[in-house]
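Visitor: Whatever this is, show me its structure:
(one chain, ligands or ions: 1)
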Amino acid sequence: MSRLIVVSNRVNPPSDTGVATAGGLAMALAAALRDNKGLWFGWSGQTVEQYTGQISMQVVGGVTVALLDLEAQDQNEYYNGYANRTLWPLFHYRPDLVSYERSFDEGYARVNTRFAETLLPLIGPDDVVWVQDYHLIPLARELRARGVKNRIGFFLHIPWPARRILNTLPHHDDLAQSLFSYDLVGFQTEDDVDAFSDYIVHDVHGVASPDGRLDAYGKSIRVKAFPIGIDAEDFAETLKSERATLFHRMMIKSQRGRKMLLGVDRLDYSKGLEERFNAFDTFLSNNPEMHEHLFLLQIATRSRDEVDAYQDLRNRLDNLSGKINGAYSTVDWVPLRYVNRPYRRDELAGIYRSADIGLVTPLRDGMNLVAKEYVAAQDPNNPGVLVLSQFAGAAEHMKEALIVNPLSREDLSEAIHRGLSMPLKERKRRWEGLYDDVKRNDVTRWRDAYVRELTAAVPAEVRTGELAET
Ligand code: ADQ
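Guide: Reported below is the predicted structural model:
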């Protein structure tokens, strides 16, 4: 029987005690690895003075994990550098925030080589390797160069950019070419598949077939959208937990009859937080009669603090929230509650449930699981309204949300107004459609669909042979 090996930058299976803090993705991957005695390989998150290539194997929550330590230079150039200062902003359509240095490129290549060298001896003849996300795009090429013939798949959790954006990256062709060492390349949405095909067809003169194959660089790969979901069943259980109930009650009490708008995001410029605050400001300015009847709770947990763009954003949001509260607060009312501390999954579930409007308004997002969690947390008899950015991958199928352009303050402000005055019947109708999708297209379905497709893929060797014959 073939074994699954998952490779990702960080490895975080839920420990027996830490289930409440683990995300749905980690739980779904961990379940698959437990089921077929698989392996999860990645960076330990630790740096050492001198790289040794030693891996430490441990069993966490029933999952075997193999962890590699990197050097501080690797962390700076590969993780903080190429992954988070170059690829992340570029793939989120922010070329203005991209920094590119040759040392980042070198660090990215070096770490991918280190991953390949240390993973190589762990791969058995029938194993299937599944690589996650933008940190590790060239990994399959490195493994192939070392003779690995196994099926190797890749899934990109973030958007694939339009080709004119990708063109601004030095050596973009090399990055795209490295994806042709995989058997299956999975994206979040049809839009991402189209953007990648468009680049391959127009910039590389490759050929796209209607059955989802892309031929280029003398190779043929399968490309497909696999929209990720949440673990809806587990989320429903979490919602019933004591802690979720406690948080729900606490929020209702603290609302004192006021409507609550809610945002939950990592503090990241792709999430559209500034635009959301500005739209809320516009809403308050245009609707003075609503003052004191509602507030916005924004939970934005700090992330990637080492990167300047994140510190700048944090400063701007601190200013903006202060400005809004200074302008509108009364002795008895604060319109914007802006919170930077993280919350556990069960706590979040209770908070989501008490929100009348879920504001999910990223400027770009691969999928956005917060939108799905918000829907899953609602009371079917009195559901809240999801306001969703047209630029979130989730908008491709969550059509019953109020879809907005987050770049327009007026659009967003009007959507808030519409959500607040939406009759119960319409709220229920929209929510039922959304919840049906969240339940059906959950993370287990995503994982199983991907692994099934990868396991069935024709191995690279055979395909390349066929191409050479034609
Ligand atoms: P993220 O950019 O992290 O993920 P998202 O999908 O919104 O974005 O959130 C992932 C998880 O983090 C959710 O389960 C959410 O509950 C949790 N989370 C977010 N903000 C939080 C906060 N302030 N406090 C506590 N928990 C918080 C990347 C891509 C997404 C894609 C996912 C999965 O950027 O587009 O949906 O991977 O593929």
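Visitor: Could you list the domains of the chain?
Guide: The record's domain parsing of the chain by automatic domain parsing lists 4-229+445-465, 232-440.
Visitor: hey, least reliable of those by pLDDT?
Guide: Note on the domains of the chain: lowest mean pLDDT is at domain 4-229+445-465, with a mean of 92.
Visitor: picking up where we left off before, can you lay out the domains of the chain as a markdown table showing mean neighbour count?
Guide: The C-beta positions use only the backbone N, C-alpha and C, and glycine is treated the same way. What follows is those, written out as a markdown table (neighbours: other Cβ atoms under 10 Å):
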| stretch | mean neighbour count |
| --- | --- |
| domain 4-229+445-465 | 18 |
| domain 232-440 | 19 |
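Visitor: can you list the residues of this structure near the ligand?
Guide: 23-25, 157-158, 228, 264-266, 299-301, 342-343, 348, 365-370, 373 (Cβ under 6 Å from any ligand atom).
Visitor: So which of those residues are in strands?
Guide: If you go by DSSP state E, the residues of the chain next to the ligand have 264-266, 299-301 in strands.
Visitor: Closest one of those to residue 213?
Guide: Using Cβ to Cβ, residue 266 comes nearest to residue 213 of these, at 35.1 Å.
Visitor: Using the three-state scheme, assign the closest residue to that closest one other than its chain neighbours.
Guide: Closest residue in space to residue 266, ignoring its immediate chain neighbours: residue 303 at 4.4 Å, by Cβ to Cβ, 6 or more residues apart in numbering. Following DSSP: H, G, I helix; E, B strand; the rest coil, the label given to residue 303 is coil.
Visitor: So residue 303 sits against residue 269, correct?
Guide: No: the criterion here is Cβ atoms under 8 Å, and residue 303 misses it with residue 269 at 10.8 Å.
Visitor: Between those two, which contacts overlap?
Guide: residue 310 (Cβ atoms under 8 Å, 6 or more residues apart in numbering).
Visitor: which residue is nearest the centroid of the protein?
Guide: By Cα atoms, centre = their mean, the chain has its centre lying nearest to residue 157, at 5.1 Å.
Visitor: Now do residue 108 against residue 280, distance only.
Guide: 38 Å (Cβ to Cβ, to the nearest Å).
Visitor: so which residue of the stretch 201-350 of the chain comes closest to the ligand?
Guide: Closest residue of the stretch 201-350 of the chain to the ligand, Cβ to the nearest ligand atom: residue 301 (3.6 Å).
Visitor: shouldn't that residue be in contact with residue 348?
Guide: No: look at residue 301 against residue 348 with Cβ under 8 Å: they stay out of range, at 10.5 Å.
Visitor: Would you tell me which helix is longest in the protein?
Guide: helix 308-328 (DSSP state H).
Visitor: May I have it exported as CSV, CA atoms only?
Guide: The C-alpha atoms that make up helix 308-328 are tabulated as CSV, following Å, rounded to 0.1, in the frame of the first residue of the first chain:
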residue,chain,number,x,y,z
ASP,A,308,8.7,45.8,7.6
ALA,A,309,5.5,45.9,5.6
TYR,A,310,3.7,44.2,8.5
GLN,A,311,5.0,46.6,11.1
ASP,A,312,4.0,49.5,8.8
LEU,A,313,0.5,48.1,8.5
ARG,A,314,0.2,47.6,12.2
ASN,A,315,1.2,51.3,12.8
ARG,A,316,-1.3,52.5,10.2
LEU,A,317,-4.1,50.4,11.8
ASP,A,318,-3.3,51.6,15.3
ASN,A,319,-3.7,55.2,14.0
LEU,A,320,-6.8,54.6,12.0
SER,A,321,-8.6,52.8,14.8
GLY,A,322,-7.6,55.6,17.2
LYS,A,323,-8.9,58.1,14.7
ILE,A,324,-12.3,56.4,14.2
ASN,A,325,-12.8,55.9,18.0
GLY,A,326,-11.7,59.5,18.7
ALA,A,327,-14.2,60.9,16.2
TYR,A,328,-17.3,58.8,17.1
